[in-house]
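Chemist: Return atomic coordinates for the entry below.
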Amino acid sequence: MMNKWTVALAATGVVSLASAVLAEEAKSYPVNTALSATTLSGYVDTSAIWNLGTGHNQAARFVNTGPDRQDGFNLNAVKIQLEKPLDEGTWSAGYKAELWAGPDAGGLPGTLSGDLAIKQAYIDLRAPIGNGLDIKIGQYDTIIGYEVANSIDNPNFSRSFGFALEPLNHTGILASYQFTDAVGLAAGVADSATGKINVKSTAAESIKTYMAGLTLKAPESLGFLAGSSLYAGIIDGGKMFKGGIDTLNLYVGASVSTPVKALSLGVAYDYLANGTFKGSYANAFAGYASYQATEKLKLNLRGEYANDSGGQFGVKLNDEKIVSGTLTADYSLWANVVTRAEFRWDHAADGSRPFGTGTKRNDLSIAANIIYKF
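Modeler: Numbers count the residues shown, from 1 in each chain. Predicted coordinates for the structure are as follows:
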């Protein structure tokens, strides 16, 4: 109900009655103002996979192409995301809440139940320090890796071996600062290396996960290399319990522009120390090439080599060596729909025969991936 002063101003024509009513409605429903900058987005991710031959033994993968997804049709995940991004204000604030529903949710540390998980949920803040200090507080994605959990944001449908070595997310605080257009730094502290929400180390109250990452971007003066980037990151996981092991992740990756406008290249190296036991190690090297063949067709190629001392990739108990090649054809047929066909080949280069029914050195699969994004 409008107050008497507003009614009097409307009667004299100083303000219009319509504007007064709108102002009162905005006052009565402040949630409308709070949500006006919030965006809703997400996707529905489906696939069909055929594993050539018999048996489903394979090297470690993310759940979207795991053994239970072979030789059939799959609903992978439904993503729902609410986000209010930072604006250009000096004291800007926002948030992101990203939820997964479906079988892929079981592969995330933030799982609430078998088919529901909080992937990210954090408050985003900007402080007017220098060029602006950005701060995330809550559950956020890991700061390392060439590939990410969201399938739609990767050049290939199946994940790399390097992805299998990396943590998926953290619960804590992350600060990032852009010194110049070419140099950026991020650093953070979080709970245990498991990434599970609110899980703390029982070894000591002071034991946390520490992380830092440095980004270098090529300036326009470097010609065709302009826009290329180099990233290096480190994550010290901290011990989960007394007598436990302290995991360490090191990552270096680069995205490189080429003189051929349609062609871009990338490289990534992951190292994990103490992943399975104290003193164990794992390495994963990957090279990427993406070629925009036509307006609708994009070809993405990934080549990999991985080795370890502790059975990190699930091929055998120790001294694993795996070579892999993945070719993905991404062809745009419908608006807002990603349609991809993929062929993947994994080869046990250590002389073992772990694939299929435990009798093959090679694992071959063909996949179709269709995602509707909104």
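
Chemist: Could you use CA atoms for every contact and neighbour count after this?
Modeler: Fine.

Chemist: which secondary structure elements does the helix or strand that contains residue 47 contact?
Modeler: Using DSSP states H and E, residue 47 sits within strand 39-51. If you count contacts as 3 or more Cα pairs under 8 Å, 6 or more residues apart in numbering; DSSP states H and E, strand 39-51 packs onto strand 72-84, strand 362-373.

Chemist: so can I have JSON lines of the ones you listed showing mean pLDDT, distance to residue 286 and mean neighbour count?
Modeler: As requested, the helices and strands packed on strand 39-51 are exported to JSON lines (pLDDT from 0 to 100; distance: least, Cα to Cα, whole Å; neighbours: other Cα atoms under 10 Å):
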{"stretch": "strand 72-84", "mean pLDDT": "97", "distance to residue 286": "25", "mean neighbour count": "19"}
{"stretch": "strand 362-373", "mean pLDDT": "97", "distance to residue 286": "18", "mean neighbour count": "20"}
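
Chemist: Reformat those as TSV; add distance to residue 348.
Modeler: Converted to TSV, the helices and strands packed on strand 39-51 look like this (distance: least, Cα to Cα, whole Å):
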stretch	distance to residue 348
strand 72-84	25
strand 362-373	6
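
Chemist: For the strand holding residue 47, give me every contacting residue.
Modeler: If you take Cα atoms under 8 Å, 6 or more residues apart in numbering as the criterion, strand 39-51 is touched by 65, 69-84, 363-374.

Chemist: what about residue 271, which helix or strand?
Modeler: Judged by DSSP H and E, residue 271 forms part of strand 263-273.

Chemist: what about that strand, distance to the chain center?
Modeler: 15 Å (Cα atoms, centre = their mean, to the nearest Å).

Chemist: same thing with stretch 319-332?
Modeler: From the chain centre to the centre of stretch 319-332 is a distance of 18 Å (Cα atoms, centre = their mean).

Chemist: what do you get for stretch 79-86?
Modeler: With Cα atoms, centre = their mean, you get 14 Å for stretch 79-86.

Chemist: Equivalent analysis for stretch 365-374, please.
Modeler: That offset, for stretch 365-374, works out to 17 Å (Cα atoms, centre = their mean).

Chemist: returning to what we had before: the strand holding residue 271 pairs with which strands?
Modeler: strand 248-257 (antiparallel), strand 281-292 (antiparallel) (DSSP bridges).

Chemist: Please export the C-alpha coordinates of the strand holding residue 47 as PDB.
Modeler: C-alpha atoms of strand 39-51 as PDB (Å, rounded to 0.1, in the frame of the first residue of the first chain):
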ATOM      1  CA  THR A  39      21.300 -16.600 -15.200                       C
ATOM      2  CA  LEU A  40      20.100 -20.100 -15.600                       C
ATOM      3  CA  SER A  41      22.000 -22.500 -17.800                       C
ATOM      4  CA  GLY A  42      22.900 -26.200 -18.100                       C
ATOM      5  CA  TYR A  43      22.700 -29.200 -20.400                       C
ATOM      6  CA  VAL A  44      21.500 -32.700 -20.900                       C
ATOM      7  CA  ASP A  45      24.300 -35.100 -21.700                       C
ATOM      8  CA  THR A  46      23.700 -38.400 -23.500                       C
ATOM      9  CA  SER A  47      25.800 -41.000 -25.200                       C
ATOM     10  CA  ALA A  48      26.000 -44.400 -26.900                       C
ATOM     11  CA  ILE A  49      29.300 -46.500 -26.800                       C
ATOM     12  CA  TRP A  50      30.400 -49.600 -28.500                       C
ATOM     13  CA  ASN A  51      33.500 -51.400 -27.100                       C
END
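
Chemist: Bridged to residue 118, which residues?
Modeler: Beta-bridge partners for residue 118, by DSSP bridges, are residue 99.

Chemist: and it, how many neighbours does it have?
Modeler: Applying other Cα atoms under 10 Å, we find 21 residues neighbouring residue 118.

Chemist: That one against residue 102, yeah?
Modeler: No. Assessed by Cα atoms under 8 Å, residue 118 is found out of contact with residue 102, at 11.9 Å.

Chemist: how far is the helix or strand containing residue 213 from where the chain is centred?
Modeler: For residue 213, the host element (DSSP H and E) is strand 209-217. A distance of 15 Å separates the centroid of the chain from that of strand 209-217, by Cα atoms, centre = their mean.

Chemist: Equivalent analysis for stretch 225-238, please.
Modeler: That offset, for stretch 225-238, works out to 14 Å (Cα atoms, centre = their mean).
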